[in-house]
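Asks: What follows is a predicted protein model with its sequence.
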Amino acid sequence: MIKKLTFAGPEKVFFTADTHFGHMGQAERRGFATVVEHDNELIHRWNRDVPKDGIVFHIGDFAYKNSAEERQRIFKRLNGRKYLVIGNHDDSKTISLPWAAPPEHRMIVQIGSGEDQVTLVLDHYGGRVWYNSHHGAFQLYGHSHGGLPATTAACDVGVDEWGLQPIQLKDAMDYMRAAKITMREVQDLIPGGPQFP
C-alpha cells in the first residue's frame, strides 16, 4: 500500500532531495572546501525558507558516509516536520532517524481540495510513467542531480537543481509548465503505453 498524505494548502509544504549530508565528494562537486562548510550551508538554506512548523518531504539520499550521531545532529538542526522517501544511499542510520512517519519507497501527497487539488507521486527515481500519471498525477523525484530533464508532469526537486535548498509546490509546478517535453511525447516512447490527452 502506498502511503497517502493530504494537506489543505501548499503554504508550508516543501520538497527536496539529494542533500548528501556528510558526503565529501558531493561537497566538492558543489564547490565547497570541506564537508562541514557544505553541510552548514545546506542547513542554513533549508532553515532560511522552511518555517519551524513547515512540512518537508525529503525524496531520498539524505546523508552519506557520516556517522549515525552526526546524522542525528544535522536532523535536529533542520526546521519542519520531515518525511523521507527512501533513496539508494538511505541506509539504516538514515531510516532510523525520527521522521514524521516511517520512511517509504514511494508516497502520494495531495495538496488542496476539490478541483484545485494537486496529486503528487514522490519517488527517488524519476520515471516516465507512474501511479496515476495518465489521470493527472505529477511526479517529483531526486537521484539525477539535475541530469534528467523535466517534463510537463515530472521534475527533479533535488538541491543541485534548486540552488541547494528545498522548494515549494508552486516552484515545481512553474518548472513543469515551462518544460519542453510533454507527456504525449513520453507516451510515444512506450509502445502500447497509457494514452495521455
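Replies: Sure, I can see it.

Asks: neighbours around the closest residue in space to Met24 that isn't next to it in sequence, how many?
Replies: Distances taken as CB to CB, 6 or more residues apart in numbering put Val35 closest to Met24, at 4.8 Å, once the chain neighbours are dropped. Any C-beta I mention is one placed from the backbone N, CA and C, and that applies to glycine too. Applying other CB atoms under 10 Å, we find 20 other residues in the vicinity of Val35.

Asks: got it, and Gln117?
Replies: Gln117 has 12 neighbours, counted by other CB under 10 Å.

Asks: Could you find the closest non-adjacent residue to it?
Replies: Counting by CB to CB, 6+ apart, Gln117 lies nearest to Gln110, which is 5.6 Å off, once chain neighbours are set aside.

Asks: can you check Phe62 too?
Replies: Thr94 (4.9 Å).

Asks: quick revisit: which elements pack onto whichever strand or helix holds the residue nearest to Gln117?
Replies: Per DSSP states H and E: Gln110 is located in strand 106-111. On a contact count with 3 or more CB pairs under 8 Å, 6 or more residues apart in numbering; DSSP states H and E, strand 106-111 meets strand 3-7, strand 118-123.

Asks: What average pLDDT does the shortest one get?
Replies: So that's strand 3-7. Per-residue pLDDT over strand 3-7 has a mean of 83.

Asks: That strand vs strand 106-111, what angle?
Replies: Interaxial angle, strand 3-7 versus strand 106-111 (axes from the mean of the first three to the mean of the last three CA atoms, to 10 degrees): 20 degrees.

Asks: buried stuff in the lengthiest helix in the chain?
Replies: Secondary structure of the chain per DSSP state H: the longest helix is helix 35-49. With burial defined by 16 or more other CB atoms under 10 Å, the residues of helix 35-49 counted as buried are 35, 38-39, 41-43, 45-47, 49.

Asks: Repeat that for stretch 19-30.
Replies: Neighbour counts over stretch 19-30 (16+ other CB under 10 Å) mark 19-23, 26-27, 30 as buried.

Asks: Those residues: which two are farthest apart?
Replies: Farthest-apart pair in these is Gly22 and Arg30; separation 13.1 Å (CB to CB).

Asks: ok so, going back, just the buried residues of stretch 19-30: which are in helices?
Replies: Short answer: the buried residues of stretch 19-30 in helices (DSSP H) are 26-27.

Asks: Kindly indicate which of the buried residues of stretch 19-30 lies nearest Gly158.
Replies: Gly158 has its nearest neighbour among the buried residues of stretch 19-30 in Thr19, at 8.4 Å by CB to CB.

Asks: residue contacts, that closest one?
Replies: Residues near Thr19 by CB atoms under 8 Å, 6 or more residues apart in numbering: 42, 58, 61-63, 159.

Asks: how much space between the residue nearest to Phe62 and His23?
Replies: Distance, Thr94 to His23, by CB to CB, to the nearest Å: 12 Å.

Asks: Which neighbours do the two have in common?
Replies: With CB under 8 Å, 6+ apart as the test, Thr94 and His23 both reach Ala63.
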